[in-house]
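S.K.: Got a predicted structure plus its sequence, pasted below:
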Amino acid sequence: MKNSIIILFALIAFSSCKKTLEELRPTGLITEENVFVTLADVEAGAIGAYAPISGENIFYVSAIMSDEVKISSENRGQGQFLHKWVHTTEDGDAARAWTNLYIPIDRANRVLAALDKVSGDQAMKDVIRGEMLALRAWAHFELWRWYAKMPYDPETLGVPYMKIAGISQPARAKTSQNFMDIEADLTQAKTLIPASYTGGNLGVGRITRLAVSAMQARVALYKNDWGNAATFATEVINAVPLSPRASFAGIWQDVNNNEIVWELKRVPNAGVSTFFRDTNGDIFFQPSDKIVAAFDSTSDIRFPTYILRQRPGLGGDPDDTVTVRKYPGVTGGVYTNDIKMFRVAEMYLIRAEARAELGDLPGSSSDITTLRNARYATASPVVFTSKQAAIDFIYLERFRELAFEGHRYFDLKRRGLTIERNVTDSAPEYRTLDPSNYHYLFPIPLREVQANPNIQQNPGYQQ
Amino acid sequence: MRKLLILLMGLFLFSAQIFAQSRVVNGRVTDAKTGEPLPGVSVTVKNGPGGTQTSSDGNYSITVPSSRSVLMFSYVGFDANEVVVGEKNTVNIALSLAGSGLQEVIVTGYTTERKKNFTGAASQVTASEIKNSTFGSLDQMLQGRVPGLSSLAGSGQPGSGATVRIRGSGSISGGNTPLYILDGVPLEAGLFRGLNANDFETVTVLKDAAATAQYGARAANGVIVITSKRGRAGETRVTARNQYGQSTRTGSKFEMMNTQQRLQFEEILGLQIGSDPLVQSFPGWRYSKKNPAYAALPVTAPGFGASQQRYDFILDSISKIDVDWQSVFFRTGIFQQHELEVSGGTEKTRFLLTGNFYNQEGIAIRSDLTRYNLRANIENYSGRFRISNMLNLNFNKSNFIESENGVALANPFAAAFLALPYQKLRNETADTNYTGSGLVGPNAYDRIFTTTSRTNQMKANNSLTLGFKITDWLSARTLLGLDYRQSDNTRFVKPISYVGFLTTPGRSGSFGEGFSRYFSYTTTSGFDLGHTFFNKLEAKSSLLYEHFREYSDNFSFTGFGLNPKLPNTPAAIAPNNLTTGVVPVVSGGNNSTALESYIGLSTFTWDEKYTLQANLRKDGTSRALNNRYVTLWSVGASWLLTNEQFMQNINQVNYLKLRASYGTAANNSGFPGDFTYLSLYGNSSYGGVQGLAPTSIGNPDIDWEVTKIANLGVEFGFFRDRFTGSFEVYDKKTDALFINQRLSNTAGLNSNPTLSLNAGEVENKGFEWDLRGVVVKSRNFEWALTANGNKNKNEIIDLGQVTEFIQGTSIIRVGLPLGTHYDRKWAGVDPQTGEPMYFLADGKTTTDYNAAPQFADYGTSQPPQQGGFGTDLTWKSFSISGFFTYAKGYSRYNNESFFYEYGNPPNVQFNQSAEMLNIWQKPGDITDFQSPKYARQFSSKDIEDASFIRFRDLTFGYSLSSLANKTKYVKGGLFYIKANNVATWTKWRGNDPEDSNNIAQYEYPLSRTITVGLDISF
């Protein structure tokens, strides 16, 4: 008996764990040396780069900042600081792009670096490289749209352009430098992705060559580079038809992919896009009276598709009968919809604007007429008589066509236009916002200012 | 064989004494208080070989070498004692319970030291101080009991833990929780509801380096060493403890609006901002005679349509509803605790068995704790072998409220205040609760019954020790310790209910279960050496190797689309349906860490006057790479002045000791993560396709956070220990702090990318006192007072590359203490415009919130001063004792009043404090509540002094010792009435000033519990 105790004693006493210290590894995570081993791993990294992108943020913030929506009586504070233009450097909504878009940029840069280290099919590698370059360019462009002053001026402060993954404290590059980098990445992406590539299993959920053209068209539009805007828009227009009127609503219910050039795929449970309302049916923001009035409610298919005049029966205040319907959810995913990032309709609007700027008023009116013919039950052709009239009409058409799709605020910003809300949509304190007011421009988030001493704050906000 | 060996050793070591004349001494050992014989007491000859134990009648017989020999008596739980034999042949002695004198020992976990020779700073809480506590968690019981220890509970949920800090926070992000040791085995921190504090003999708090250095890499935040009760040899003794009582809510210092006030307030709002859609929806404005829309209505309308008459009627109906939401959500909770303890044994084998049942209902409906405990402690001495096993088995069940401690409308402590008084709770005709959008009170009430949140926990702690005496000066030991916990959290949302309908996917409720397991083992093995040289130099040393390993794993699932016919079971979960998206969510993981340690501990005492203690320890962790091992050390010295010749004539001072120590300790559990040295990737998903994504940036140079502690102390006893106490001064510097440095968002990773690194230094310095005195002492009457407290100064000395960074609403800035609040400074309301004003740096004010700078002069959320004081009165069999605790010099954010003193949309949708009727309405109004036209922002207005004094415990007792004298069946006992949290004095306006963090967010407040109890021994 005592001997056995001694043996037990010895066993316990001399069980060393030095080796354990060295060999313990995390069981739920992958170490750096094991992560990108094969080309399939690297492609998984590319999939991972799409995952964090929140297109919903862009839609939501553009809407609440502009005249697309009004506060609902059921709003419990959501988005109100931004909507009332009293946001601070700590405002979560104004920070959404900054805290979100460098994540896919970092992931894209890691994938680009890993591509050189694995072996595999060169064609496949080229596609991934092109995709990641385009993704990186788009994300930087989006950041520029949010935080740089407009109209386009090469000398204004842009955003840091990250080409390699890593820790740094970069200063803001000039707008001219941002556009050089964006254009270079997009140009290279276009040479790498073949026209035959259709996105594999995810289809338009991944960036194809056409998506790159669409990005180039939008970038040129914001640069007032009208010639290129028209050229790149044409590349998309020639490849993607406008949707028949009958299946237009199906785009938004995700039953067809008409008109879509690039979208962010969403699956049920993977994230609920409650940007205009809560899961219990509470409405945070309603379509503004201004946007409701902008539509021809009988003939324009967009009106019943985008706006619901009777809310789903979930109780609440019976006065709130108008809601955003553009993202109605799919079967099994309430408020879950693919996020449409680029549609061919936008390309018509870009080309029309570019043509008007270039003096081609007939070409411009023809693009608008084509678009309207696809939307109205009966539409009479539009004829532009002056450049200004054309631009004004195109802006109104963009207001309608691209409602709640992340354009309105940036369109106003692009031309330095005042944000004007209807009297019924606002209180006097948040009725008009002139571009000269510092709140017109989003602040660089306080978090970044604290973490990065080299970053420059936008004027008016606490440095 | 054994005797031969002893003889040989004796010949070798004590040859000088072998020629002295040896003789036999007899005697009897009794309990000083009860006079009962004490069996199993260890009796040894000082510096001599061998020893014996008292028999069941307390008698002993021992051979002593000479008349100069000193007999040493020691017994667990009692103060050891020494007697010079002289010419006597009979030495009878009465031993006193530990804690009643200065002969007590300090249990450090690895060793046991005599207090008079101990060079470190340690405080002991005795069993009597925590006995029959109604708190379900040990850490809460320590509040105010130990100088330098801060214990603040974050929740009044029965069984909740507390945030415990010993001598301030030394780490910014590494965690500041002390190490808990039960019978030599480390405990998983923060989970004490599975332990029965009545099982504990002593709780020792180790504070300075000399005391904590034994625990080296885990000791930076102090160590709390708990020993459980041991059995006593002799006749088997049965003790029953029964306690019954109730818990009630303590009042709050603010009043919410009733219906009449609320309707009046809505009218005020309407007159100011009547066009706001939210305000338009308020009945107080919508149906108000002052609303311009009212005047436009016809006086009457056919069919009772929209008309002034109809509006008057509606408003009149609403004004007759007045729900007192606090009485809806809160209740009186029942408390009960029943325990049976059996203890006994022989000289060789002793045992203690305890069974405990504890049940406490919280003051919020649906919150409770039920606990079943079994303790079995067994010790056996057999020749050279010593074996003991201490086992605790526990099963406990807790029910929780919705969104406990959360700023959420489902949290009853939020809903009770924010619910509108004119919203009806029940629809009597349909016999249902009202539910729906905006119905804060009814929704929260309905959720209590349509959801469950429950945790079942099993806990087992075992400590097995084997000892083998090789020679008189050398023995070997090994300890095997296990700590096991299994938790099972169940969450059910009833399918056919309002909240069930809101659950997506499926809109038919959910059932979720989360299992988690924690298992750790410790082995400590090595040798203890002890010898006295030249009759004066007592030397003791331990050389140990320790191996600690912990494993944790968890698994959880949540299923949706429940079948309403199957309540509260996973069987109700709908099968996978990819089309409808009703797919259960499954997740889980596992992890393990390891620590190995080489430990050397030594104590040298010269002539019972001078003691030197030196500890050296090398630890290796699995959490670091380039700096895996750290060497830690401490030295301590003490001088017992009262053993000096020159003190012999000063009769008033019977005990005086000076001591000093210095050393280092590290924070192993504080590493920012288990694998911060690695850059890691994890799963990611896009459009249903699996991807890979980075999760962290590794730092292979991550190093130990090391604390250096200097301590000076004095211990004293006057007038034969009628007044005793101690005073400590310390300086604790922690450097190479773990810091999660915020990176520029351009680093990617996630929305808040950080890098874990070591930088900077934090200092805590201060002093502590502990005083106890018996003011009056007569045959039938005794009056004792105790007081302890501390003052700590926490300061950030250095932060490495930066001089400050923001952490939430706090700033970490060099020169300031941790927890310093940082916000814009409230300058009041402009009486002309009603606009809120904030201070600028130059002392002027601005109404532009963006232009107002943030200041750091509103103090800290970590109390620099705390302590406790109490009094005990005993008259014959009656006793009364009161105990108070306090925390002073700290402030907290009141995020509760931020909602009920909001005053404009959107939060004005919630009920407001009655004081809000003083809101600014017209030029000239002097008020602290801005006009509803202007946004309500966080500012210094929301920071309040949270200092408090709490009447924590009041006990009336009646001792049954007189009964014990009359009958042989009862050996003793106590009848008592006990109340805790009797009263609180504070400037704080929220629910409860006590909290574990810097911000009040509708935390579950502590209740007041009053119980009646009876302890009786047979």
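M.R.: Structure received.

S.K.: going forward, measure contacts between C-alpha atoms and count neighbours the same way
M.R.: Noted.

S.K.: wait, residue B:610 sits on residue B:640?
M.R.: Yes: taking contacts as CA atoms under 8 Å, residue B:610 lies within contact range of residue B:640: 6.5 Å.

S.K.: what sits in contact with each of those two?
M.R.: Contact criterion CA atoms under 8 Å, 6 or more residues apart in numbering or on different chains; residues shared by residue B:610 and residue B:640: residue B:117.

S.K.: which intervals of the stretch 301-450 of chain A have sub-threshold pLDDT?
M.R.: Within the stretch 301-450 of chain A, the segments meeting pLDDT under 70 span A:310-321, A:331-335.

S.K.: Going by residue numbers, what spans are helices in it?
M.R.: Along the stretch 301-450 of chain A, counting by DSSP state H, counting those that start in this stretch, helices occupy A:302-306, A:344-357, A:361-375, A:387-401, A:408-414, A:446-451.

S.K.: I'd like the distance between residue B:319 and chain A.
M.R.: From residue B:319 across to chain A, the span is 20 Å (CA to the nearest CA, to the nearest Å).

S.K.: That should have said residue B:651, apologies.
M.R.: Residue B:651 is 50 Å from chain A, by CA to the nearest CA.

S.K.: Show me what residue of chain B gets nearest to chain A.
M.R.: Using CA to the nearest CA, residue B:580 is the residue of chain B that sits closest to chain A, at 3.4 Å.

S.K.: tell me which element that residue is part of?
M.R.: Using DSSP states H and E, residue B:580 is not contained in any helix or strand.

S.K.: Give me the pLDDT value at it.
M.R.: What the model reports for residue B:580 is a pLDDT of 74.

S.K.: and it, how many neighbours?
M.R.: By the criterion of other CA atoms under 10 Å in any protein chain shown, residue B:580 has 15 neighbours.

S.K.: what kind of secondary structure is residue B:278 in?
M.R.: helix (DSSP: H, G, I helix; E, B strand; the rest coil).

S.K.: for the nearest residue to it once chain neighbours are set aside, helix, strand, or coil?
M.R.: In this structure, residue B:278 finds its nearest non-sequential neighbour in residue A:73, 4.3 Å apart by CA to CA, 6 or more residues apart in numbering or on different chains. Classification of residue A:73 using three-state DSSP returns coil.

S.K.: how close does the spatially most central residue of chain A get to chain B?
M.R.: Central residue of chain A (CA atoms, centre = their mean): residue A:55, 3.6 Å from the mean position. Distance of residue A:55 to chain B, computed by CA to the nearest CA: 13 Å.

S.K.: How confident is the prediction for that residue, by pLDDT?
M.R.: Per-residue pLDDT puts residue A:55 at 88.

S.K.: and stretch B:296-308, anywhere near chain A?
M.R.: No: Stretch B:296-308 lies out of reach of chain A by CA under 8 Å from any CA of the partner chain, never closer than 15.0 Å.

S.K.: rewinding a little: for the residue of chain B closest to chain A, give me phi and psi.
M.R.: Phi and psi for residue B:580, reported as degrees, to the nearest 10, are phi -90, psi -10.

S.K.: try residue B:974
M.R.: phi -150, psi 130.

S.K.: For it, which non-adjacent residue is spatially closest?
M.R.: In space, and not counting its chain neighbours, residue B:974 is closest to residue B:959: 4.5 Å by CA to CA, 6+ apart.

S.K.: so residue B:337 is in which element?
M.R.: Assessed by DSSP H and E, residue B:337 sits inside strand B:333-345.

S.K.: which strands and helices sit next to that strand?
M.R.: Judged by 3 or more CA pairs under 8 Å, 6 or more residues apart in numbering or on different chains; DSSP states H and E, strand B:333-345 is in contact with strand B:234-249, strand B:349-361.

S.K.: Give me the angle between the last one and strand B:333-345.
M.R.: This means strand B:349-361. Inter-element angle recorded for strand B:349-361 and strand B:333-345: 180 degrees (by axes from the mean of the first three to the mean of the last three CA atoms, to 10 degrees).

S.K.: Buried residues of the helix or strand following strand B:349-361, list them for me.
M.R.: Following strand B:349-361 in sequence order, the next helix or strand is strand B:368-382 (DSSP H and E). Applying a neighbour-count criterion of 16 or more other CA atoms under 10 Å in any protein chain shown, one finds B:368-380 buried in strand B:368-382.

S.K.: What strands flank the next helix or strand after strand B:368-382, and is each parallel or antiparallel?
M.R.: Elements were assigned by DSSP H and E; along the chain past strand B:368-382, the next helix or strand is strand B:385-399. In the sheet, strand B:385-399 lines up against strand B:368-382 (antiparallel), strand B:451-471 (antiparallel) (DSSP bridges).

S.K.: Show me which residues of the longest one are buried.
M.R.: Of the residues in strand B:451-471, those scored as buried under the neighbour-count criterion (16+ other CA under 10 Å) are B:451-471.

S.K.: Could you look up the SS state of the closest residue in space to residue B:796 that isn't next to it in sequence?
M.R.: Excluding the flanking residues, the one nearest residue B:796 by CA to CA, 6+ apart is residue B:762, at 4.4 Å. Following three-state DSSP, residue B:762 is assigned to strand.

S.K.: How about residue B:539?
M.R.: Under three-state DSSP, residue B:539 falls in the strand class.

S.K.: So residue B:285 sits against residue B:291, correct?
M.R.: Yes: contact status for residue B:285 versus residue B:291: in contact at 6.4 Å, counting by CA under 8 Å.

S.K.: Please work out how many residues are found near residue B:690.
M.R.: By other CA under 10 Å, neighbour count at residue B:690 equals 14.

S.K.: Give me the nearest residue to it, chain neighbours excluded.
M.R.: residue B:684 (5.9 Å).

S.K.: what helix or strand does the one you found sit in?
M.R.: For residue B:684, the host element (DSSP H and E) is strand B:680-686.

S.K.: Show me what that strand is packed up against.
M.R.: Helices and strands touching strand B:680-686, by 3+ CA pairs under 8 Å, 6+ apart, are strand A:30-31, helix A:32-35, helix A:39-50, strand B:689-696.

S.K.: Check these for me and report the most buried one.
M.R.: Scoring the helices and strands packed on strand B:680-686 by mean neighbour count under mean count of other CA atoms under 10 Å in any protein chain shown gives helix A:39-50 as the most buried, with a mean of 24.
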